[in-house]
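> here are the coordinates; sequence isn't available:
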């Protein structure tokens with residue numbers, strides 16, 4: 001299937017908003033203009049083989065530059081041989097030379113052909129100008145019109161896509177603020193005592209933990225780090241939703257507004273995925289048409305085009321990275337994860353947290369063990385601070401924070417600390433609390 005047809009089908013099949021489709025790359029229109037570019041080049045005596053040879057010999061260049069109005073101004077320039085131009089007079093066999101060297105003025109808008117005398121006068125004037133340019137070693141412009149139209153349309157469309165991307169980015173960030181507020185209401189701990197019958201804190205923590213693990217749009221994995229393409233993002237988003245379904249997390253919500261907030265969260269991700277797909281589709285269209293431009297003309301714009309194209313977002317970057325960063329700041333950070341408060345020694349929650357003089361944190365049991373073993377240096381920075389730690393180093397503000405946001409984990413850690421302490425004191429006499437108690441005692 002040819003790309004033009006596939007491009008049209010993709011725009012129609014993925015249910016893109018109509019104002020998106022209206023701003024999609026006009027691939028078929030550009031393809032038609034490209035045919036006129038080729039015809040104009042050949043009419044001037046510069047078929048693809050000739051251009052390829054001239055470029056290889058550095059006797060021709062295709063320049064693509066932007067003007068003050070930020071529109072591309074293409075220009076084909078050649079360096080004519082001095083001997084060819086200097087011998088050009090009224091007796092020269094003009095049929096043997098490229099038309100650009102002897103190009104006649106275009107026909108008038110009425111379609112009438114210019115008179116022979118006008119042709120003679122214009123040719124003489126052009127010959128004199130080209131003679132002077134060649135004597136000075138200057139490049140000679142080849143008059144072309146179709147290529148300017150081609151790049152003007154392409155630049156205008158990219159500008160419109162840039163504007164669209166900017167508006168969509170603002171809309172999604174506003175949506176993120178709203179979702180963040182919704183999740184903050186249903187996932188916050190209850191005061192003064194956690195009432196688990198009226199809190200979805202742990203459901204949301206598990207959901208957002210799964211979302212972080214999915215790395216839907218952006219990966220921090222060393223092997224596959226960076227932004228995801230739309231196909232991989234779609235697969236990761238499907239995996240995330242399937243995991244939610246397997247664990248029945250959405251069915252376990254205890255607050256009705258949690259289900260609404262979760263649907264809004266999924267909707268935001270679907271919009272971001274659709275935006276990424278639309279962006280990739282148009283980028284592919286631009287890549288294809290530029291490649292076709294080079295194939296039909298041999299002008300070699302593939303390398304220079306991305307450098308000169310004036311695009312704030314569309315060509316240079318994807319908005320998914322910015323939106324994901326905003327999502328992390330405004331939504332995911334609202335529900336703290338236990339991994340951010342884990343003691344690096346025992347790999348469980350840092351309870352009671354001892355903040356050393358070097359500002360690193362460890363749970364109190366691990367700190368006592370290090371002191372009993374006569375350890376002196378911080379495992380992280382190697383500062384000589386371990387033996388100086390005492391009860392004044394307990395971070396009481398963090399204690400209250402952990403009790404508030406991680407009630408289950410802190411209680412479990414306290415029980416484990418107590419069991420471990422009893423075992424140290426009683427040794428072989430210690431009986432696990434899970435075993436049946438003595439009925440006599």
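Received the coordinates, thanks. Note that the structure is predicted; figures quoted are calculated from it, not measured.
> give me the low-pLDDT residue ranges for this protein?
Scanning the chain for pLDDT under 70 picks out 1, 69-70, 81-137, 190-197, 221-225, 310-318, 427-441.
> outline the domain layout of it.
As recorded under automatic domain parsing, the domains making up the chain are 148-335, 339-429.
> off-centre distance for the shortest one?
Just to be clear, that refers to domain 339-429. Centre-to-centre, domain 339-429 and its host chain are 41 Å apart (CA atoms, centre = their mean, to the nearest Å).
> re earlier: for residue 80, find the nearest of the domains of the chain.
Closest to residue 80 of those is domain 148-335 (CB to CB; 18.0 Å). Backbone N, C-alpha and C define where each C-beta goes, glycine included.
> span of that closest one from start to end?
Domain 148-335 has its terminal residues 54 Å apart, counting by CA to CA, to the nearest Å.
> how about the domains of the chain in JSON lines, adding distance to residue 138 and mean neighbour count?
Shown next, in JSON lines, are these (distance: least, CB to CB, whole Å; neighbours: other CB atoms under 10 Å):
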{"stretch": "domain 148-335", "distance to residue 138": "20", "mean neighbour count": "17"}
{"stretch": "domain 339-429", "distance to residue 138": "66", "mean neighbour count": "15"}
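> mind putting those domains in a markdown table, distance to residue 141 included?
Below are those laid out as a markdown table (distance: least, CB to CB, whole Å):
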| stretch | distance to residue 141 |
| --- | --- |
| domain 148-335 | 12 |
| domain 339-429 | 63 |
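> so which of these is nearest residue 10?
Of all the domains of the chain, the one in closest proximity to residue 10, counting by CB to CB, is domain 148-335 (5.7 Å).
> hang on, the earlier thing: among the domains of the chain, which comes closest to residue 58?
domain 148-335 (12.5 Å).
> residue 164 reaches residue 23, doesn't it?
Yes. Counting by CB atoms under 8 Å, residue 23 is a contact partner of residue 164 at 5.2 Å.
> with residue 48 as the reference, name the closest of the domains of the chain.
Among those, domain 148-335 comes nearest to residue 48, with 4.0 Å by CB to CB.
> that closest one: how far from the chain's middle?
Chain-centre distance of domain 148-335: 9 Å, with CA atoms, centre = their mean.
> quick one: the strands in the stretch 301-441 of the chain?
Counting by DSSP state E, counting those that start in this stretch, the stretch 301-441 of the chain has strands at residues 353-355, 361-363.
> would you turn those strands into CSV with distance to residue 384?
Below are those laid out as CSV (distance: least, CB to CB, whole Å):
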stretch, distance to residue 384
strand 353-355, 16
strand 361-363, 15
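> dump the residue contacts of residue 258.
Residues in contact with residue 258 (CB atoms under 8 Å, 6 or more residues apart in numbering) are 186-187, 200, 203-204.
> between those, which is nearest residue 226?
Distances from residue 226 to those, taken by CB to CB, are shortest for residue 204, at 27.6 Å.
> what about the closest one, which SS state?
Secondary structure, DSSP: H, G, I helix; E, B strand; the rest coil: residue 204 is helix.
> thought it was touching residue 335?
Yes. With contact defined as CB under 8 Å, residue 204 and residue 335 form a contacting pair (5.1 Å).
> overlap in contacts of the two?
By CB under 8 Å, 6+ apart, the residues touching both residue 204 and residue 335 are 183, 187.
> residue 29 is in contact with residue 154, correct?
No. Assessed by CB under 8 Å, residue 154 is found out of contact with residue 29, at 9.9 Å.
> where does residue 65 fall, secondary structure wise?
Element membership for residue 65, per DSSP states H and E: strand 60-66.
> right, I mislabeled it, should have said residue 75
Assigned by DSSP H and E, residue 75 falls within strand 72-78.
> packing partners for that strand?
Contacts defined by 3 or more CB pairs under 8 Å, 6 or more residues apart in numbering; DSSP states H and E place strand 72-78 against strand 60-66, strand 140-142, helix 146-187.
> many thanks, we can stop here.
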